[in-house]
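K.L.:
coordinates for the following, if possible.
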Amino acid sequence: MPNSNCLVGRQPILNRNLQTVAYELLFRSELSRDSAVVVDGNFATAKVIINTLSEFGFERMLGEHRGLINIESDLLMSDVLEILPKDRIIFELLETVAVTPELIDRCRTLESEGFSFALDDHDYSLQYKELYNIVKIVKIDLLSHTDQELEKLVKSLRGYPVQLLAEKVETREVYLKCLDLGFELFQGYFFARPSLEEKKCIDETSATLLKLMRLLEEDVELEEIEKTFRGRPGLTYKLLLLVNSVGIGLKEKISTVRHAMAILGRQQIKRWVQLALFAKDDSCGLSHPLVELAAVRACFMEQLAGRHPQLKSIQGASEQAFMIGILSLLESIYNISTNEIITSLNLSEEVSAALTSQSGPLGSLLKLAITTEQSYCRMPAEQFEQLGLTQEDVQISLVKAYDWLAGMR
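P.N.:
Numbering: from 1, shown residues only. Okay, here's the model as predicted:
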C-alpha cells in the first residue's frame, strides 16, 4: 500500500468565556505539515472534507462542536457539499471569492437548508451588504489592521446580525483589547496553535471510484453497487465511517454493507465519490497481499454462513459474515485497531461481538476462517464439525472464495 498519511490541521475557536465552541479544519500535506501551502483551493477543501468524513470521522475531529472549512466559489456551487451534516459545518468564504448574484443566491439556498457561513480575513465593504445578512461570523485578521482601523471596522459591522471573530490573537494584551472592542469569538496562537491530526491513508484507486460513479450514474440496483465494495477493506471502512459522519447520532446499528448503503442513500454516496475523485492527488493504487487475504476470508465466511445450520435461515447473515471478514484485517492492513472500528462504526452487536471476541455463530466462522488460513488450508475437522459443517462444506466454500478473487483481478 502507498506509504502516505492523511493530514488535517485543527485550530480551536473560543468564546468570551474561553470555552471552545468550534474548530477550523485546515488543509495540510506532507510538504506543508505546519502551515497550509495551497496551490488549488478547491482541491484543498475537497481533501479536508473527504479526510474528515471518511478517514478520521466527524466525531473524532469535532466532537460536539462545529467545524469551519475554507471554500472557493467553484466548490460552493456544487451539490457535493450537501453530503455534510448541515448543523455541524460553517463554510468560510475566502476573501478571494467574488461576490456575484449567483454566489449570493447559492448562499441563501444553502442557508435555507441549514448550513452556516463565515467571511474570512474580512474588510468592510458595501458589496458584501447582502452577505452580511446571511453569514453568521465575520473573521477579522488583527495583524492586517491598525488599532484605529480595527475600531472603525468593528463599528461598521455592528449594524448587522453577525458575530465578530478576532483571528491571529497572539498575546493576552491583544485578547483583552478585542474583548473591549466587543469581539465574541477568538482564534490564535495565544490560545492554541493548530494541531495536526494524522493517520495512515486508506487509499483507493481512481479506477475504483470512477467505476462507482459510473454505476451510480447508470442508476443500477444497490446490489450491483455493493459488489464494488466487496473485497475492498479500505473502501468498506470508509463507507461505514461515512454513514456515521453524515448521520451523527444515528441510533440504527449497521449490520451489513448493503444496510449501510441503504441508510446513506444513493445521492449521498454519489456526492462522496465526487468529492473523493476531486481530492485524488494520484491515480495509482498498489496491491497488498493482506487485501487479497481479506477478500478471500470474507467470501469464505459468506459461503460458510449459507451452509451453517443456524445462520443459513437468518436473513442477512451471509452479508454480515462477509463484512466481518473484510473488517477483521483492517488492523493488519491500515493499523486501525478493532476497538477503533467498534467505537467509530456503530456496528450491530452480532458484528461487534464477532470482531472483538470471536463469539456467537458469526464469531465462530471468523475463528474457523483464521484457523484455516493458519493451517495452510488443511481443514481443522474438529472445529468445523462442532459448527455443524462438513468437510465438503468447507472445501466448496474455500474454492468459491478463491474463484471469486480470481474473477476480481
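K.L.:
neighbours around residue 190, how many?
P.N.:
16 (other CB atoms under 10 Å). Every residue, glycine included, has its C-beta placed from N, CA and C.
K.L.:
over to residue 332?
P.N.:
13.
K.L.:
how about it: what's its closest non-neighbour residue?
P.N.:
Leaving aside its sequence neighbours, residue 332 sits nearest to residue 290 (CB to CB, 6 or more residues apart in numbering; 5.4 Å).
K.L.:
and that neighbour, how close does it get to residue 233?
P.N.:
8 Å (CB to CB, to the nearest Å).
K.L.:
more neighbours: those two, which one.
P.N.:
Neighbours per residue, other CB under 10 Å: of residue 290 and residue 233, the larger number sits with residue 233, 27 against 15.
K.L.:
next up, phi/psi of that one, please.
P.N.:
phi -60, psi -40 (degrees, to the nearest 10).
K.L.:
my guess is it contacts residue 329. True?
P.N.:
Yes: the criterion here is CB atoms under 8 Å, and residue 233 meets it with residue 329 at 6.1 Å.
K.L.:
joint contacts of the two?
P.N.:
Common neighbours of residue 233 and residue 329 (criterion: CB atoms under 8 Å, 6 or more residues apart in numbering): residue 294.
K.L.:
if we can go back for a sec, need the overlap of contacts for residue 290 and residue 233.
P.N.:
Joint contacts of residue 290 and residue 233 (CB under 8 Å, 6+ apart) are 329, 333.
K.L.:
before we move on, back to that, helix, strand, or coil at the residue nearest to residue 332?
P.N.:
Put simply, residue 290 is helix when judged by DSSP: H, G, I helix; E, B strand; the rest coil.
K.L.:
roughly how far apart are it and residue 268?
P.N.:
In terms of CB to CB, residue 290 sits 29 Å off from residue 268.
K.L.:
pLDDT weak spots in the stretch 301-409 of the chain?
P.N.:
Residues of the stretch 301-409 of the chain that meet the criterion pLDDT under 70 lie in 376-380, 408-409.
K.L.:
just the strands in it please.
P.N.:
Assigned by DSSP state E, counting those that start in this stretch, the stretch 301-409 of the chain shows no strands.
K.L.:
for the chain, same thing?
P.N.:
Using DSSP state E, the strands of the chain run over 5-15, 20-27, 66-71, 89-93, 116-119, 137-141, 163-167, 185-187, 195-200.
K.L.:
neighbours of residue 317, how many?
P.N.:
Residues within reach of residue 317, counting by other CB under 10 Å, total 22.
K.L.:
I meant residue 90, not that one.
P.N.:
Counted with other CB under 10 Å, residue 90 comes out at 19.
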